[in-house]
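1. this is a predicted model, with the sequence first.
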Amino acid sequence: MQTDDEALRQSDPVALELPSHSPPANSSTDEASRLLYTPAAAAERLTVGESWLRRKAGQRLIPCTYVGKHLRFTEDDLRTIVAAGHRGPRNRDQTSRPGRRRRTRR
């Protein structure tokens, strides 16, 4: 005995074809990159203060998106903010000034 779905597949194979305007298979990553975060949500994801995020965006020091007058952040904006803040380890020799020694009392 056939179920309704099996009968539909056999009788109308065109109905099962994907439409030509369907999104590609990797659309979940595309959707995530197009997702917009509010300043509160972006600050929570970055674990920074919302006021810091708003201030830096207002000064145009970090990437952001304005939708009308509303401030928003994309996933790419958040990645760029994190990458811009990355600092590598310091070499101990580079932290001191060459040619200057600390004097000790005798």
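-> Here it is on my side, so go on.

2. low-confidence regions, the chain specifically.
-> 1-33, 92-102 (pLDDT under 70).

3. where along it do the helices fall?
-> Taking DSSP state H, the helices of the chain run over residues 4-11, 27-34, 39-46, 50-58, 75-85, 92-95.

4. tell me what the lengthiest strand in the chain is packed against?
-> If you go by DSSP state E, the chain has its longest strand at strand 70-74. Using 3 or more CB pairs under 8 Å, 6 or more residues apart in numbering; DSSP states H and E, the elements in contact with strand 70-74 are strand 36-37, helix 39-46, helix 50-58, strand 65-67. (C-beta placed from N, C-alpha, C; glycine too.)

5. pull the CA atoms of that strand into CSV?
-> C-alpha atoms of strand 70-74 as CSV (Å, rounded to 0.1, in the frame of the first residue of the first chain):
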residue,chain,number,x,y,z
HIS,A,70,19.6,52.0,13.7
LEU,A,71,23.1,50.6,14.4
ARG,A,72,23.6,47.0,13.5
PHE,A,73,26.6,44.6,13.1
THR,A,74,27.1,41.7,10.8
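
6. name every strand pairing with that strand and say which way it goes.
-> Its sheet considered, strand 70-74 pairs with strand 36-37 (antiparallel), strand 65-67 (antiparallel) by DSSP bridges.

7. nearest to R105, out of those?
-> strand 36-37 (56.7 Å; CB to CB).

8. hmm, back to that, among the helices and strands packed on strand 70-74, which is the most enclosed?
-> Highest mean neighbour count of the helices and strands packed on strand 70-74: strand 36-37, a mean of 18 (counted as mean count of other CB atoms under 10 Å).

9. neighbouring contacts of that one?
-> R45, T65, V67, R72, F73, T74, E75, L78 (CB atoms under 8 Å, 6 or more residues apart in numbering).

10. let's see that with 7 Å instead.
-> R45, T65, R72, F73, T74 (CB atoms under 7 Å, 6 or more residues apart in numbering).

11. how about these in JSON lines, adding distance to P89?
-> Output for the contacts of strand 36-37, formatted as JSON lines (distance: CB to CB, whole Å):
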{"residue": "R45", "distance to P89": "25"}
{"residue": "T65", "distance to P89": "33"}
{"residue": "R72", "distance to P89": "34"}
{"residue": "F73", "distance to P89": "29"}
{"residue": "T74", "distance to P89": "30"}
